[in-house]
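Asks: The amino acid sequence is not available; the structure is as follows:
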């Protein structure tokens with residue numbers, strides 16, 4: 001069974017550059033540690049993919065290959081530059097005065113990614129008071145190999161909402177909670193991100209995704225519970241200490 005456009009699926013993958021065997025991305029924490037690309041703040045989990053859609057996209061070549069797979073399939077997908085990170089464009093390689101980097105001029109080195117004029121680029125050369133910046137994608141012109149494991153198809157409303165929340169909320173999966181009743185979904189926002197920057201944006205995209213992939217729903221509620229920590233601290237202070245009464249034998253001991 002292949003997947004229709006708009007299908008939500010979960011996949012694990014590890015990606016590497018075909019020519020150099022450089023592994024640069026993975027959804028599997030063990031692989032990230034093994035290949036020294038582990039990032040402490042990254043939430044390693046199966047990737048949520050919406051086939052043929054922009055909501056949860058992957059490279060075009062990978063998307064086309066996934067559309068022809070089924071749950072349980074394990075395969076290697078080869079993605080060429082035209083359906084991957086694009087061909088290299090020499091016009092995107094610029095030479096600029098080193099002084100334009102300001103305070104960063106003495107800190108940067110070849111291979112660093114830096115932002116100049118609101119564009120991110122990679123430093124390819126430094127010398128004679130100049131710096132060469134490559135605004136092509138780091139893997140432009142490269143053929144990429146994806147080792148893929150198609151784990152699950154999210155078909156029920158419950159599975160779809162669960163997948164969306166795990167993707168959108170930067171918390172452990174065990175802290176994600178929601179209730180689905182009739183045509184209404186109630187989502188509990190974990191206390192630890194109640195004051196997080198961008199929470200409103202997270203909620204905005206969550207409700208957009210939920211309504212898109214579960215069109216039968218009419219309402220999405222976000223439940224936020226704020227606890228008065230000062231009151232809690234006072235209650236702790238007033239809690240009497242437990243005492244143990246000694247027996248007559250212990251008193252005379």
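Replies: The structure has been received and is ready for your questions. What you are looking at is a predicted structure, and each value in this text was computed from that prediction instead of being measured.
Asks: Give me the neighbour count for residue 143.
Replies: 17 (other C-beta atoms under 10 Å). Where you see a C-beta, it was placed from the backbone N, CA and C, and this is true even at glycine.
Asks: repeat for residue 75
Replies: Neighbourhood size, residue 75 [other C-beta under 10 Å]: 13.
Asks: Specify the beta-bridge partners of it.
Replies: residue 148 (DSSP bridges).
Asks: quick one: average pLDDT of the biggest helix by length in the chain?
Replies: Of all segments of type helix in the chain, defined using DSSP state H, the longest is helix 199-213. What helix 199-213 shows for mean pLDDT is 96.
Asks: Show me how far that helix is from its chain's centre.
Replies: 15 Å (C-alpha atoms, centre = their mean, to the nearest Å).
Asks: can you check stretch 218-230 too?
Replies: Relative to its chain's centre, stretch 218-230 lies at 24 Å (C-alpha atoms, centre = their mean).
Asks: now the end-to-end length of it.
Replies: 38 Å (C-alpha to C-alpha, to the nearest Å).
Asks: Quick check: mean pLDDT of it?
Replies: 90.
Asks: who's in contact with the longest helix of the chain?
Replies: 6, 8, 50, 55, 160-161, 164-165, 168-169, 185, 187, 189, 193, 196, 217, 220, 222 (C-beta atoms under 8 Å, 6 or more residues apart in numbering).
Asks: Buried only: go through these for me.
Replies: With neighbours counted using 16 or more other C-beta atoms under 10 Å, the contacts of helix 199-213 contain these buried positions: 8, 50, 55, 160-161, 164-165, 168-169, 185, 187, 189, 217, 220, 222.
Asks: distance of the residue nearest to residue 220 when sequence neighbours are not counted from residue 152?
Replies: Of all residues not flanking residue 220 in the chain, residue 207 sits nearest, at 4.6 Å (C-beta to C-beta, 6 or more residues apart in numbering). Separation of residue 207 from residue 152 (C-beta to C-beta, to the nearest Å): 23 Å.
Asks: and those two? which has more neighbours close in?
Replies: Each of residue 207 and residue 152 has its neighbours counted (other C-beta under 10 Å); residue 207 has more, 18 against 14.
Asks: roughly how far apart are the more buried one and residue 32?
Replies: Residue 207 is 31 Å from residue 32, by C-beta to C-beta.
Asks: State the pLDDT value of the closest residue to residue 35 other than its chain neighbours.
Replies: With sequence-adjacent residues excluded and distances taken as C-beta to C-beta, 6+ apart, residue 35 is closest to residue 23, at 4.4 Å. We have a pLDDT of 97 for residue 23.
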